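Visitor: sequence first, predicted model second:
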Amino acid sequence: MSHTIIDDVNELKNAAKDYTDAQIHYFKLQIVENLSSLFSGMIFKIILTLLSLFAALLCSMALSFYLGNIFNNIALGFLAGGSVFLVLIGVLFVIKKNIIEKPIIESLIDLFFPPKPNTKTDE
């Protein structure tokens, strides 16, 4: 059997097609992995947020009743408790870029573009 150039070209074409198909499959798997990680993280954070809100609600009610007993007026206690939350909202609004936006952006960048191990920089 003689091996011709046409056979070599056909083998090369088949190998290139197999490689391309494998790369497409690999990228699809990467996308599924990244999206799965994103959605599971979102679900965890939603559950954590809901539980935190429930805890904050109970703590704020306890604080309001406590302050109401101190002021001898439950309405003033709730007004003071609500004022604490208004101050917290103001503080969060002022520092939202560093505390909220930046970590979210960085975590999404790390999720979709993870740092490559063993990268060498020119010194």
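Guide: Okay, I see it. Numbers count the residues shown, from 1 in each chain.
Visitor: can you tell me the element D21 falls in?
Guide: Element membership for D21 (DSSP states H and E) is helix 5-71.
Visitor: need the next SSE after that helix, C-terminal direction.
Guide: Downstream of helix 5-71, the first helix or strand assigned by DSSP H and E is helix 74-94.
Visitor: other SSEs contacting that next one?
Guide: Helices and strands touching helix 74-94, by 3 or more Cβ pairs under 8 Å, 6 or more residues apart in numbering; DSSP states H and E, are helix 5-71. All C-beta atoms are positioned from the backbone trio N, CA, C, and that covers glycine.
Visitor: now the helix it packs on against helix 74-94, angle please.
Guide: Helix 5-71 runs at 150 degrees relative to helix 74-94, counting by axes from the mean of the first three to the mean of the last three Cα atoms, to 10 degrees.
Visitor: let me see the mean pLDDT of helix 5-71.
Guide: Across helix 5-71, pLDDT averages out at 91.
Visitor: chain center to that helix: distance?
Guide: Relative to the centre of its chain, helix 5-71 is centred 7 Å away, using Cα atoms, centre = their mean, to the nearest Å.
Visitor: just stretch 86-105 next, same as before
Guide: Computed by Cα atoms, centre = their mean, the chain-centroid distance of stretch 86-105 equals 16 Å.
Visitor: distance between the ends of that stretch?
Guide: End-to-end span of stretch 86-105 (Cα to Cα, to the nearest Å): 26 Å.
Visitor: what's the mean pLDDT across it?
Guide: Stretch 86-105 carries an average pLDDT of 85.
Visitor: with that, I have no additional questions.
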